[in-house]
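>>> structure, please.
(2 chains)
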2 protein chains.
Amino acid sequence: MKLSELGEFGIINLIRNITDKFKNPQQASWQQLLVGIGDDAAAWQSDNRIQLATTDSLVQGIHFDLNTVTWEELGWKALAVNLSDIAAMGGIPKYALVSLAAPGELEVENITKFCHSMACLATEFGVAIVGGNLAAAPNIVITIAVLGHSKGKSILKRSTATPGEQIAVTGWLGLSAAGLEMFKGKMSLDPETTSILRRGHLQPTPRVKEGQILVEQRVKTTIDISDGLIADLDHICQASKVSAKIRMEQVPTHPLVKVNFPNYRELALYGGEDYELLFTANKTIMDKVRQALNCPVTVIGDIVEETLPNQVTLLNSKGNVIPLKKGGWEHFRDESPKGEIA
Amino acid sequence: MKLSELGEFGIINLIRNITDKFKNPQQASWQQLLVGIGDDAAAWQSDNRIQLATTDSLVQGIHFDLNTVTWEELGWKALAVNLSDIAAMGGIPKYALVSLAAPGELEVENITKFCHSMACLATEFGVAIVGGNLAAAPNIVITIAVLGHSKGKSILKRSTATPGEQIAVTGWLGLSAAGLEMFKGKMSLDPETTSILRRGHLQPTPRVKEGQILVEQRVKTTIDISDGLIADLDHICQASKVSAKIRMEQVPTHPLVKVNFPNYRELALYGGEDYELLFTANKTIMDKVRQALNCPVTVIGDIVEETLPNQVTLLNSKGNVIPLKKGGWEHFRDESPKGEIA
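Next up, the predicted model:
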């Protein structure tokens, strides 16, 4: 069987099964482990805090096209997607390791722009770039690992959603996917819209502060929206063994996406890479979260008892089921790469 | 200017200069940082211990050729080279994040072998594989990050060598480079030699326990031999602002390399990827180290006051200088890739 037949999530399960076989409860590393393969970041107990570690890659031709993305944007995005994973755990990012595989004929000037922009984002979030790796390679692959720790004694997970909780999302959805569609379709929009869509797709702001506030407000379950709202909600449902009902009317699609893209619903539901936080909590906590967060918070549905095989149900304003398309982005499985830039 | 003109170490300096510009002494991450860009691993203070983080990549066509390496060997080596970086800091490796960029047409069976072998090595060293990343890509790039911590309150660095200290190396040198030469030259040697050379090149055993013993014995300066003896000794000299004199006769070339390869001196001096530990200490400490370590330890020379521009001097048995060749492996700079497998 080929990787493309098994798909990204099938391969992750395979790897988890193998590493599980080698799990040794006598070893300190396994004893201290709190969250392993399958969440936004790994987490383990260390003295008075929980340590967090995550890694994410951007691959030329799959995640980005150098014809449309600048090196500044690439440096920003490569770090931002990792910071977002720490945000989804409610943690404080501290250190980054940057690995770059690239052809020797690349201009040094590009690497300067790349690093400058990355260091700029890093310092904004109190992160120090402290190491990495350089290797010659035919195709550019950027892999960043970010290390951090919990703010207090708790972190956010995917596996703790409970029936009866509300489901909410920060900010607006669909902007990143609309930006990608604008690039792919070579759409000509007004300069301000173009700039906002471009930034939404290539320079997302990770919700690091917001993640920490969610922990403070005793939220337990959070994921960042990277694969798409439906796909990431499905990740929560699978990890928590629950189901979810969400209402299309309440999904906070970005106004510029609604106005300019007839398929705005699709972009908001399946587009992904919005790097907003999707979380669940009971109504009392949710009300406090809305007060505490300095960004839009929209309740879009409820966690219910597990219903198999379909765990996520989308309803229209009349309460009727809207059929779901195939989930969000999955590496290897999709027939074609995600697009020019993703 | 192109990356190939600046070379790997020039690019590392460039990146360090940029990140230095963004250094913010008000931020906790910078305040707690002990070792940043330019050592085997990054190190920072965290509660009662020093945290360590390192990352290393293997790139298809640069570091390995699937025609000669098995997936089991690839899984082993990809993790081993990272464990060796933690060994060079005298630390305890604890967790690994594994990022794999690979084409969708790859057989799942290969990934199974890769993970199985990696998990096997991980468990041998008490390491848990706790996360990573999968991405579709035209060319295979494996990037692993290993997180760990100090055993006590100290770590080993590159920057602490002092004139008057002896220079020593664990184990034997040249085996890995000889293995590579055997593959490249399609050399036919007896089965036992073939197997030892193959293992030396593709399944090195990281000197993790030995690194921890060096810390216990109050050694301060250590590096692992990945770029080659001369190149890595030069890294110590540059970081410590000292020079080194070593004696060719004392370099512990592996007996099988001496017997089978007329260029054995070159393989031992410049070959690299032996993943032995190269360290410096005063004679009293060195004598204790020899007692404490359960592997060969050979004193090969002395640290002296800094002499520029050449910091490493190689002497023959008569005390005459043997001219050095260009240093060890450097990404981007070398005209040709390191070889079929490296």
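>>> domain assignment for chain A?
A:1-37, A:52-150, A:166-322 (automatic domain parsing).
>>> so how far is stretch A:133-140 off the chain centroid?
25 Å (C-alpha atoms, centre = their mean, to the nearest Å).
>>> what sits up against that stretch?
Contact partners of stretch A:133-140, identified using C-beta atoms under 8 Å, 6 or more residues apart in numbering or on different chains, comprise A:59-61, A:66, A:97-104, A:106, B:3, B:8, B:11-12, B:55-57, B:59, B:61-63, B:137-139, B:141, B:143, B:331-332, B:337. Just so you know, the C-beta spots here come from the backbone N, C-alpha and C atoms, and that holds for glycine as well.
>>> of those, buried ones?
A residue is treated as buried here by neighbour count (16 or more other C-beta atoms under 10 Å in any protein chain shown); on that basis the buried members of the contacts of stretch A:133-140 are A:59-60, A:97-102, A:104, A:106, B:3, B:8, B:11-12, B:55-57, B:59, B:62-63, B:137-139, B:141, B:143, B:331-332, B:337.
>>> do a quick rundown of the strands in the stretch 151-300 of chain A.
In order along the chain, the stretch 151-300 of chain A carries the following strands (DSSP state E, counting those that start in this stretch): A:166-170, A:221-224, A:243-247, A:277-281, A:297-304.
>>> strands paired with the first one, and their directions?
Meaning strand A:166-170. Each strand that strand A:166-170 pairs with, and the sense of that pairing, follows from DSSP bridges: strand A:277-281 (antiparallel), strand A:297-304 (antiparallel).
>>> and the longest helix anywhere in chain A, does that touch chain B?
If each helix of chain A is counted by residues according to DSSP state H, the longest one is helix A:3-21. Yes: under the criterion of C-beta under 8 Å from any C-beta of the partner chain, chain B is reached by helix A:3-21 at A:3-6, A:8, A:11-12, A:14-15, A:18-19, A:21.
>>> with respect to chain B, which of these is nearest?
Each of those was checked against chain B using C-beta to the nearest C-beta; the closest is A:S4, at 3.3 Å.
>>> give the closest residue to the closest one in space, chain neighbours not counted.
Closest residue in space to A:S4, ignoring its immediate chain neighbours: B:G104 at 3.3 Å, by C-beta to C-beta, 6 or more residues apart in numbering or on different chains.
>>> identify the residues contacting the one you found.
Contacts here follow C-beta under 8 Å, 6+ apart; on that basis B:G104 touches A:2-4, A:332, B:136.
>>> hmm, 6 Å instead?
In this structure, B:G104 makes contact with A:3-4, A:332, B:136, judged by C-beta atoms under 6 Å, 6 or more residues apart in numbering or on different chains.
>>> with A:V304 instead?
Under the criterion of C-beta under 6 Å, 6+ apart, the contact list for A:V304 reads A:163, A:243, A:245.
>>> need the pLDDT of it.
For A:V304, the model assigns a pLDDT of 98.
>>> distance of it relative to chain B?
When distances are taken as C-beta to the nearest C-beta, to the nearest Å, A:V304 and chain B turn out to be 29 Å apart.
>>> measure that residue to A:R218 for me?
Taken as C-beta to C-beta, to the nearest Å, the spacing of A:V304 relative to A:R218 amounts to 21 Å.
>>> near chain B, which residues of the stretch 201-342 of chain A show up?
Contact residues of the stretch 201-342 of chain A with respect to chain B, defined by C-beta under 6 Å from any C-beta of the partner chain, are listed as A:331-332.
>>> any low-confidence regions in the stretch 201-342 of chain A?
Along the stretch 201-342 of chain A, the model assigns pLDDT under 70 to residues A:326-329, A:333-342.
>>> how about the helices in it?
Remark: helices of the stretch 201-342 of chain A, listed N- to C-terminal, are A:208-216, A:229-240, A:255-260, A:264-270, A:283-292; assignment by DSSP state H, counting those that start in this stretch.
>>> the second one - contacts with which helices or strands?
Of the remaining helices and strands, those touching helix A:229-240 by 3 or more C-beta pairs under 6 Å, 6 or more residues apart in numbering or on different chains; DSSP states H and E are strand A:221-224, strand A:243-247, helix A:264-270, strand A:312-315.
>>> tell me the SS of A:A96?
In the three-state summary, A:A96 is assigned as strand, counting by DSSP: H, G, I helix; E, B strand; the rest coil.
>>> quick one: contacts for it?
With contacts defined as C-beta under 6 Å, 6+ apart, A:A96 is in contact with A:127, A:129, A:144, A:146.
>>> tell me, what residue is most central in chain A?
Per C-alpha atoms, centre = their mean, the C-alpha nearest to the average position across chain A is that of A:S226, at 3.2 Å.
>>> that one and A:A53, how far apart?
As defined by C-beta to C-beta, A:S226 lies at a distance of 17 Å from A:A53.
>>> then A:G91?
The value you get for A:G91 to A:A53, if C-beta to C-beta is used, is 10 Å.
>>> list phi and psi for the residue in the stretch 51-200 of chain A that chain B sits nearest to.
Nearest to chain B in the stretch 51-200 of chain A, going by C-beta to the nearest C-beta, is A:G104, at a distance of 3.3 Å. Recorded main-chain torsions at A:G104 are phi -60, psi -20, according to degrees, to the nearest 10.
>>> that older thread, among the contacts of A:V304, name the buried ones.
A:243, A:245.
>>> tally of neighbours for A:G91?
Using other C-beta atoms under 10 Å in any protein chain shown, the number of residues around A:G91 comes to 31.
>>> please apply the same query to A:P25.
If you count neighbours by other C-beta under 10 Å, A:P25 ends up with 6.
>>> burial count for the nearest residue to it once chain neighbours are set aside?
In space, not counting the residues next to it along the chain, A:P25 is nearest to A:Q31; the distance is 6.7 Å by C-beta to C-beta, 6+ apart. Using other C-beta under 10 Å, the number of residues around A:Q31 comes to 12.
>>> what does A:T112 give?
Residues lying near A:T112 (other C-beta under 10 Å) number 17.
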